[in-house]
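A.B. asks: kindly generate the corresponding structure for this input.
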Amino acid sequence: MSKKKILLTGAAGTIDSQVFLELMRQNNFYETRIFERKLPNEKIYRKKIKAFQKLLEPFKNNIEIIWGDITSPLDV
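C.D. replies: This next block holds a predicted model:
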């Protein structure tokens, strides 16, 4: 049985990070890609990026991360 493909946008957010964790718990069923917005390298965002990277660390071999802006045709 092939895995279903999932594209999760905004996984660094509060709600979507929980969706991401649930997808990882069900990893046998889903191939997960994350499309995450590039954040400016400002102090206010560094904390969010660091927390996001910590969340992804245990799963880094099971996911693909795409950095970009979903509203930009060049990134999509």
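
A.B. asks: please report how far residue 14 lies from residue 32.
C.D. replies: 18 Å (Cβ to Cβ, to the nearest Å). No exception for glycine: its C-beta is placed from N, CA and C like everyone else's.

A.B. asks: does anything pack onto the worst-scoring helix or strand of the chain on mean pLDDT? Which helices or strands?
C.D. replies: Among the helices and strands of the chain, helix 43-56 carries the lowest confidence by mean pLDDT, DSSP states H and E, at a mean of 79. For helix 43-56, the contact count by 3 or more Cβ pairs under 8 Å, 6 or more residues apart in numbering; DSSP states H and E identifies helix 14-25 as packing neighbours.

A.B. asks: can you rerun that using 10 Å?
C.D. replies: In this structure, helix 43-56 makes packing contacts with helix 14-25, strand 30-36, strand 63-67, judged by 3 or more Cβ pairs under 10 Å, 6 or more residues apart in numbering; DSSP states H and E.

A.B. asks: need the residues that contact that helix.
C.D. replies: With Cβ atoms under 10 Å, 6 or more residues apart in numbering as the contact definition, helix 43-56 has outside contacts at 11-13, 17, 20-21, 24, 34, 36, 38-41, 60, 62-63, 65.

A.B. asks: so who does the residue nearest the centre of the chain touch?
C.D. replies: By Cα atoms, centre = their mean, the chain has its centre lying nearest to residue 34, at 3.5 Å. By Cβ under 10 Å, 6+ apart, the residues touching residue 34 are 6-12, 16, 20, 23, 52, 56, 59, 63-67.
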